[in-house]
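J.: I would like to see how this sequence folds:
(one chain, ligands or ions: 3)
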Amino acid sequence: MAAALKTSGSFCGTQQQQRLQSTRDQFLLGSSHLNFKQCKSKKIRKPAPLCVRATSSKLELDFNDPSWKQKFQEDWERRFSLPSITDIYDLKPRTTTFSLKKNRTPTGDENVDMWNGYVNNDDRALLKVIKYSSPTSAGAECIDPDCSWVEQWVHRAGPRKEIYYEPKEVKAAIVTCGGLCPGLNDAIRQIVFTLETYGVKNIVGIPFGYRGFFEKGLKEMPLSRGLVENINLNGGSFLGVSRGGAKTSEIVDSIQARRIDMLFVLGGNGTHAGANAIHEECRKRKLKVSVVAVPKTIDNDILLMDKTFGFDTAVEEAQRAINSAYIEARSAYHGIGLVKLMGRSSGFIAMHASLSSGQVDVCLIPEVPFTLDGEFGVLRHLEHLLKTKGFCVVCVAEAAGQELLQKSGATDASGNVILSDIGVHMQQKVIKMHFKDIGVPADVKYIDPTYMVRACRANASDAILCTVLGQNAVHGAFAGFSGITSCICNTHYVYLPITEVIKAPKRVNPNSRMWHRCLTSTGQPDFH
Ligand SMILES: Nc1ncnc2c1ncn2[C@@H]1O[C@H](COP(=O)(O)OP(=O)(O)OP(=O)(O)O)[C@@H](O)[C@H]1O
Ligand SMILES: O=P(O)(O)OC[C@H]1O[C@](O)(CO)[C@@H](O)[C@@H]1O
Ligand SMILES: [Mg+2]
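T.: Numbering: from 1, shown residues only. Ligands and ions are numbered 1, 2, ... in the order given. I've put the predicted structure just below:
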């Protein structure tokens with residue numbers, strides 16, 4: 001165990017470890033019931049201000065206990081087990097009707113036995129594959145102070161040999177919620193295709209998000225392969241989206257009245273919280289309904305998964321804006337290109353677009369605090385860039401530097417905080433004024449591509465992701481799961497219980513290799 005002092009059920013570390021620890025806390029808070037709480041210890045040696053103990057309302061781990069790993073894994077197994085309609089119903093499975101064998105028999109039985117294309121319910125994928133040797137390794141996510149290797153398995157997604165619904169009797173509904181996101185139509189299309197492959201005839205779209213469940217005048221739309229065949233050629237949502245208005249009991253009343261058996265919910269973290277509430281309410285009412293979510297958001301801020309669909313496309317579009325800012329800045333005398341990019345609470349788009357464009361000198365994200373003034377401030381660095389290079393490009397995430405701005409306190413219909421405009425502030429109040437004050441000419445070109453990065457068609461990688469996630473969502477529902485999300489973890493396609501992914505928004509880890517790579521690329525110093 002590197003530089004860590006072990007006490008009973010707690011461990012201490014250096015300041016650097018403390019910073020790492022907070023990142024790890026975020027990981028664990030977001031992905032586990034296991035929390036690391038600050039505690040007092042007399043055995044602290046310098047430099048070791050941190051002393052933590054693993055605690056949880058459900059699980060208390062003492063790392064001196066030789067069986068702690070087993071306890072952790074049992075808890076993990078419990079948390080990541082998939083809720084199923086069989087938890088409340090004593091249901092007999094039937095043989096699946098999903099088969100890709102050509103000569104399909106009416107019952108499907110023959111093909112099922114002959115085809116090895118099914119996923120076993122006991123198949124698992126590993127969520128984490130790096131073995132960190134120390135909590136001080138870049139981006140380390142450790143469970144104990146020794147950073148022991150603990151296998152964290154999650155359920156593999158895909159079609160099962162046995163299903164819990166009779167396809168001919170199923171009514172399936174699809175709803176898209178939150179903001180727009182590239183790939184929504186690709187996912188809708190694949191859900192419809194896959195449902196039809198099982199033999200489902202009754203498929204409907206709920207218009208304009210959760211609102212479509214109870215707003216008078218909004219009618220469900222019958223969907224079929226023929227109708228959705230080409231919808232992926234356009235951006236947006238074929239069904240429409242909306243924020244707010246999620247009244248779980250009314251939604252479930254509506255699900256009951258419409259006799260919906262499967263609900264496919266496409267959306268971000270808010271939508272997932274809503275989907276889980278619907279799943280819980282259905283359980284409470286003992287309804288045989290499978291609620292399966294598909295994670296979409298350009299922000300990429302959902303825990304545990306590699307990425308959400310739409311993120312890649314948003315990054316690709318964002319780098320076009322950066323490229324324009326670069327061209328403008330480079331062609332002007334003392335040009336400063338400034339681009340603001342979306343991301344409600346995290347800087348993933350700004351970081352990845354900065355990395356992919358390779359044209360950014362300064363990338364500012366909410367996870368990494370910065371100062372504008374003073375010797376180590378952003379402005380001094382911009383002066384330096386104008387002096388040495390003649391121009392520069394700044395990329396700022398919309399949630400960055402909010403502490404520098406006046407808060408309106410306003411929220412959107414879903415209850416999300418409406419952010420103050422850091423882009424306009426940086427352009428008008430900071431950069432322009434600063435260079436005027438110091439008498440140095442600066443030609444600031446500001447680009448805000450906000451809705452352009454999400455109101456577009458999915459790129460190839462997102463189209464594939466939507467295809468797989470949409471298909472797997474249907475397989476998950478037929479397998480009887482509910483309250484799950486169909487996602488990609490560590491390059492494998494898996495199902496996770498929604499409860500595990502909505503514990504907190506995912507944020508950029510400032511100690512991750514990715515952020516370090518971004519800093520290497522921009523060459524920016526620490527701004528504090
Ligand atoms: N905690 C919650 N419980 C139930 N419903 C919720 C919850 N949070 C949000 N919702 C509902 O989910 C829907 C979408 O939420 P939200 O507007 O936050 O978008 P999102 O799913 O996070 O996607 P995006 O990434 O585009 O913002 C809204 O109709 C909202 O009312
Ligand atoms: O203007 P709207 O539709 O409320 O959405 C803005 C927000 O939606 C997102 O695009 C997705 O959450 C954020 O990046 C952004 O803050
Ligand atoms: Mg959200």
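J.: OK, contacts around residue 528?
T.: Contact analysis of residue 528 by Cβ atoms under 8 Å, 6 or more residues apart in numbering lists 369-371, 376. All C-beta atoms are positioned from the backbone trio N, CA, C, and that covers glycine.
J.: How much space separates it from residue 388?
T.: 22 Å (Cβ to Cβ, to the nearest Å).
J.: that older thread, could you flag which of the contacts of residue 528 are buried?
T.: Buried members of those, scored by 16 or more other Cβ atoms under 10 Å, are 370-371.
J.: which one among the contacts of residue 528 gets closest to residue 274?
T.: Using Cβ to Cβ, residue 369 is the member of these that lies nearest residue 274, at 32.0 Å.
J.: For the closest residue to that closest one other than its chain neighbours, give its distance to ligand 2.
T.: Leaving aside its chain neighbours, residue 369 sits nearest to residue 528 (6.1 Å; criterion: Cβ to Cβ, 6 or more residues apart in numbering). In this view, residue 528 and ligand 2 are 25 Å apart by Cβ to the nearest ligand atom, to the nearest Å.
J.: where does this protein come near ligand 2, residue by residue?
T.: By the rule Cβ under 6 Å from any ligand atom, the part of the chain lying against ligand 2 is 179, 243, 268, 297-299, 342-344, 398, 412, 454.
J.: contacting residues around whatever residue of the stretch 101-250 of the chain ends up closest to ligand 3?
T.: As assessed by Cβ to the ion, ligand 3 sits closest to residue 178 within the stretch 101-250 of the chain, at 5.9 Å. Going by Cβ under 8 Å, 6+ apart, residue 178 touches 209, 241, 243, 267-268, 270-271, 296-297, 414.
J.: in what helix or strand does it lie?
T.: Of the helices and strands defined by DSSP states H and E, none includes residue 178.
J.: Of all pairs in the contacts of residue 528, which one is the farthest apart?
T.: Farthest pair in those, by Cβ to Cβ: 369 and 376, 11.8 Å.
J.: Need the overlap of contacts for the two.
T.: Shared contacts of residue 369 and residue 376 (Cβ under 8 Å, 6+ apart): 527-528.
J.: host element of the nearest residue to residue 452 once chain neighbours are set aside?
T.: Distance criterion Cβ to Cβ, 6+ apart; nearest residue to residue 452, sequence neighbours excluded, is residue 317 at 6.0 Å. Per DSSP H and E, residue 317 falls inside helix 311-331.
J.: next one: that helix to chain centre, how far?
T.: Put simply, helix 311-331 sits 23 Å off its chain's centre (Cα atoms, centre = their mean, to the nearest Å).
J.: Only the buried residues of it, if you could.
T.: Neighbour-count burial for helix 311-331 [16+ other Cβ under 10 Å]: 311-319, 321-323, 325-326, 328-329.
J.: State the number of residues packed around residue 71.
T.: 14 (other Cβ atoms under 10 Å).
J.: next one: residue 225
T.: Counted with other Cβ under 10 Å, residue 225 comes out at 13.
J.: Repeat that for residue 81.
T.: That count, for residue 81 with other Cβ under 10 Å as the rule, works out to 11.
J.: quick one, what contacts it?
T.: Contacts of residue 81 by Cβ under 8 Å, 6+ apart are 155, 497.
J.: how about the residue in the stretch 151-300 of the chain that ligand 2 sits nearest to, what does it touch?
T.: The minimum distance from the stretch 151-300 of the chain to ligand 2, using Cβ to the nearest ligand atom, falls at residue 179 (3.7 Å). Residues near residue 179 by Cβ under 8 Å, 6+ apart: 241, 243, 268, 297-298, 454.
J.: same check, this time on residue 468
T.: Residue 468 neighbours (Cβ under 8 Å, 6+ apart): 488, 493.
J.: Quick check: it is in a helix.
T.: Yes: judged by DSSP: H, G, I helix; E, B strand; the rest coil, residue 468 forms part of a helix.
J.: how close does it get to residue 255?
T.: Distance of residue 468 to residue 255, given as Cβ to Cβ: 26 Å.
J.: what pLDDT does residue 226 get?
T.: Residue 226 carries a pLDDT score of 98 in this model.
J.: Now do the SS call for it.
T.: Per three-state DSSP, the secondary structure class of residue 226 is helix.
J.: just so I have it, where are all the strands in the stretch 251-400 of the chain?
T.: 262-267, 290-295, 335-341, 362-364, 392-397 (DSSP state E, counting those that start in this stretch).
J.: Switch those strands over to CSV; also include distance to ligand 1, mean pLDDT and mean neighbour count.
T.: As requested, these are exported to CSV (distance: least, Cβ to the nearest ligand atom, whole Å; pLDDT from 0 to 100; neighbours: other Cβ atoms under 10 Å):
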stretch, distance to ligand 1, mean pLDDT, mean neighbour count
strand 262-267, 4, 98, 28
strand 290-295, 9, 98, 31
strand 335-341, 14, 98, 27
strand 362-364, 21, 98, 25
strand 392-397, 14, 98, 29
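J.: out of the ones you listed, which comes closest to ligand 3?
T.: Taking the strands of the stretch 251-400 of the chain one by one with Cβ to the ion, strand 262-267 is closest: 7.9 Å.
J.: And the closest one, what does it pack against?
T.: strand 171-176, helix 184-198, helix 269-284, strand 290-295, helix 460-478 (3 or more Cβ pairs under 8 Å, 6 or more residues apart in numbering; DSSP states H and E).
J.: So which of those is the most surrounded?
T.: Mean neighbour count (mean count of other Cβ atoms under 10 Å) peaks for strand 290-295 among the helices and strands packed on strand 262-267, with a mean of 31.
J.: Show residues contacting it.
T.: 85, 165, 187, 191, 261-268, 271-272, 275-276, 278-279, 282, 302, 305, 308-309, 466, 469-470, 473-474, 476-477, 480-487, 498, 501.
J.: If we check ligand 3, which of those are in contact?
T.: Taking Cβ under 5 Å from the ion as the test, ligand 3 is in contact with residue 268 out of those.
J.: got a list of what residue 218 touches?
T.: 207-208, 211-212.
J.: What separation is there between the residue nearest to residue 369 and residue 377?
T.: Where residue 377 is concerned, residue 528 sits at a distance of 8 Å (Cβ to Cβ).
J.: of all the residues in the stretch 201-350 of the chain, which ones are close to ligand 1?
T.: Counting by Cβ under 6 Å from any ligand atom, the stretch 201-350 of the chain sits next to ligand 1 at 209-210, 243-246, 267-271, 273-274, 277, 297, 299.
J.: Of the residues you listed, which is the nearest to residue 237?
T.: Using Cβ to Cβ, those come closest to residue 237 at residue 209, 8.8 Å.
J.: Identify the residues contacting that closest one.
T.: So residue 209 contacts 175-178, 240-243, 245, 267, 271 (Cβ under 8 Å, 6+ apart).
J.: And residue 97, by the same measure?
T.: For residue 97, counting by Cβ under 8 Å, 6+ apart, the contacting residues are 108, 163, 167, 198-199.
J.: ok, now how distant is it from residue 415?
T.: With Cβ to Cβ as the criterion, residue 97 and residue 415 are 41 Å apart.
J.: go on, residue 186?
T.: 28 Å.
J.: next one: residue 425
T.: 24 Å.
J.: These two - which one has more neighbours?
T.: Legend: neighbour count by other Cβ under 10 Å for residue 425 and residue 415, higher for residue 425 (18 against 10).
J.: For that one, grab phi and psi.
T.: phi -60, psi -50 (degrees, to the nearest 10).
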